[in-house]
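Peer 1: okay, sequence plus prediction incoming.
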Amino acid sequence: MQTTSLIKLAQPSYDDDADISVLNSNSQMLDEWLRFNVIQRHDDMFNDFVLNGLQPATTTGTIIHDCDTLWDEINPSAGVSIVLDTFDFKMGTGCLKINMDSTAGVGVLASKAVSSLDVRTCSSVRLWVKSNINTNAGDYSLLLSKNAMSQTPIKDLPFPALVANTWTLVTLPLNDVSSLQGIISVGIKMNVDKGICSLWVDHINGVDLDTSISSGIAYIGGYRIVKNEATHTFGDNQETFVYLDKNGTYIFKAIAIGGSEPTPPIDSIKLARVITSSYNVTEVIDTRNMSPLVVSPTLSDEQVTESKLATDAVSTKKLKNSSVTSVKVATDAILEHHIKEQQVTNEKIKNADIGLGNVTNATKAGKLDAEYRTFTVRGNYDSYNPEDVIAHGLNRIPKGFLLVNTDKPVQLYTENSLWTNTHMYLKGTTPNAKVTIMIF
């Protein structure tokens, strides 16, 4: 069968012999035409960019029980007492404490009724546990049940070995989660008689670090990359930079929270910065470049003069809303001697709209180089969790913060940790106070 070349690469020009209707019917053919006839001719004018999608999603995890209220679903058996310990706990305002004397026997020690839970999105359960004696793996277990009083549990998850008098964040794999909906009771069971001892349990949480990355299209080095929806499991308590290379492969580079940004892989485009806690994907910061054009090529020194600009050349019609931002103008780029006398008047400044934004979490504070962040003050701090960690997107070390809203009387203050380009560290005086601050 005779074929006809659609593109005459030997004599490139903008009116190359190409049947555009045919090109449009074949995206790969169109990509090749664009790459050879436009992008490679003027590679200084084109960025790698994302056309759409390619963003990870946040996850919520599942709080099974915060242990801030007394476990009272069953009456304690002989030799067992159950209390709410408001002095020695890890999170919130208290924890479950189970005391056992020499007459306590194996079986369900404590149980708590919960609103119907669906834990099928979680891969494991994490909880804080402490014993006043050394224990072996399997001495105790966590029960998840669809029946009252933790009877006939769907999951019986054994604890690992515990070191005496040491709070430990333990991870209990769930494995098959297909039946983990409709959970209405959570329990603690003793499998081996440990004699006279005490056990503390706090903040039982389903872990969901498995998330989806949306389908989408990117152009990298002139190549069109089409990706279907994908899944990825992120590590806990870290930041992960997500890249896509020209071969269509996702690359994940993890760092400690607040650490320095890693070196990007060769021939790749940055998509997102993902922040995780011990339990879930808490934040996804979009870092995609969505424009193929190099918007602001470098100008020669003193190339922009008054005579080069026509009257009204720079007008409100030419500037899109919020197009001139702090990142578009270099420091000290516009000095006093660059502005003709009486061109910027007090009246123009006085009538300017200097808004402060919508005061919602992770949004910019109007025209200011500042943003709002909302978080809940833990108020109870220790060597494991010395401060509240607040992410921000200023891409610089903040100068300070202002308290904007709070639902409880609270004072916020700094301690020892140094702020970074991505995080700040604060303490508060009132546990569980929900506060909004402006970071500047």
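Peer 2: Sure, I can see it.
Peer 1: quick check: which ranges of this protein have low pLDDT?
Peer 2: Applying pLDDT under 70 to the chain flags the ranges 1-46, 293-354, 382-385.
Peer 1: can you pull the contacts of Gly248?
Peer 2: Ile225, Val226, Lys227 (Cβ atoms under 8 Å, 6 or more residues apart in numbering). Placement of C-beta: from N, CA and C, glycine included.
Peer 1: and if we set it to 7 Å?
Peer 2: Ile225, Lys227 (Cβ atoms under 7 Å, 6 or more residues apart in numbering).
Peer 1: kindly report the same for Ile74.
Peer 2: By Cβ under 7 Å, 6+ apart, the residues touching Ile74 are Val108, Ser111, Met149.
Peer 1: just these: which are in helices?
Peer 2: In helices, defined here by DSSP state H, there are no members of those.
Peer 1: now the strands for the stretch 251-400 of the chain?
Peer 2: Here the stretch 251-400 of the chain has its strands, by DSSP state E, counting those that start in this stretch, at 268-276, 281-286, 371-376, 388-391.
Peer 1: highest mean neighbour count out of those?
Peer 2: Of all the strands of the stretch 251-400 of the chain, strand 268-276 has the most neighbours on average by mean count of other Cβ atoms under 10 Å, namely a mean of 22.
Peer 1: what's in contact with that one?
Peer 2: 48, 50, 54-56, 209, 218, 220, 234-245, 251, 257, 264, 281-289, 391.
Peer 1: among those, which are located in helices?
Peer 2: Cross-referencing the contacts of strand 268-276 against helices under DSSP H gives no overlap.
Peer 1: which of the residues you listed count as buried?
Peer 2: Buried by 16 or more other Cβ atoms under 10 Å: 48, 50, 54-56, 209, 218, 220, 234, 236, 239-245, 281, 283-285, 287-288, 391, out of these.
Peer 1: hang on, the earlier thing: among the strands of the stretch 251-400 of the chain, which comes closest to Lys408?
Peer 2: Smallest distance to Lys408 across the strands of the stretch 251-400 of the chain (Cβ to Cβ): 10.3 Å, for strand 371-376.
Peer 1: now that closest one - C-alpha only, CSV.
Peer 2: C-alpha atoms of strand 371-376 as CSV (Å, rounded to 0.1, in the frame of the first residue of the first chain):
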residue,chain,number,x,y,z
GLU,A,371,-1.2,32.3,54.2
TYR,A,372,-3.7,30.9,56.7
ARG,A,373,-3.4,27.5,58.4
THR,A,374,-5.9,25.8,60.8
PHE,A,375,-4.8,23.1,63.2
THR,A,376,-5.8,21.6,66.6
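Peer 1: what's the spacing between that strand and its chain's center?
Peer 2: Chain-centre distance of strand 371-376: 14 Å, with Cα atoms, centre = their mean, to the nearest Å.
Peer 1: how about the residue most central in space within the chain, nearest residue that isn't a chain neighbour?
Peer 2: By Cα atoms, centre = their mean, the chain has its centre lying nearest to Glu283, at 1.8 Å. Nearest residue to Glu283 in three dimensions, chain neighbours excluded: Ile275, at 4.3 Å (Cβ to Cβ, 6 or more residues apart in numbering).
Peer 1: stretch 56-73: how far from the chain's middle?
Peer 2: Centre to centre, stretch against its chain (Cα atoms, centre = their mean), the figure for stretch 56-73 is 19 Å.
Peer 1: what comes up buried for that stretch?
Peer 2: Quick answer for stretch 56-73 (16+ other Cβ under 10 Å): Pro56, Thr59, Gly61, Thr62, Ile64, His65, Cys67, Asp68, Trp71, Glu73.
Peer 1: my read: the last one touches Val186, true?
Peer 2: No: checked against Cβ atoms under 7 Å, the pair Glu73 and Val186 is beyond contact range at 8.9 Å.
Peer 1: between those two, which contacts overlap?
Peer 2: In contact with both Glu73 and Val186: Lys112, using Cβ under 7 Å, 6+ apart.
Peer 1: helices along this structure, start to end?
Peer 2: Shown for the chain, the helices assigned by DSSP H span residues 20-25, 27-34, 346-350.
Peer 1: on that earlier part again, the residue nearest to the centre of the chain touches Gly393, doesn't it?
Peer 2: No: contact criterion Cβ under 7 Å: Glu283 and Gly393 do not qualify, at 9.1 Å.
Peer 1: what are the bridge partners for Lys364, then?
Peer 2: Glu371 (DSSP bridges).
Peer 1: kindly apply the preceding question to His232 instead.
Peer 2: Beta bridges link His232 to Thr211, judged by DSSP bridges.
Peer 1: what's the spacing between it and Thr420?
Peer 2: Distance of His232 to Thr420, given as Cβ to Cβ, to the nearest Å: 25 Å.
Peer 1: do Ile269 as well
Peer 2: The spacing between Ile269 and Thr420, counted by Cβ to Cβ, is 24 Å.
Peer 1: cool, and Gly61?
Peer 2: Between Gly61 and Thr420 the computed distance is 25 Å (Cβ to Cβ).
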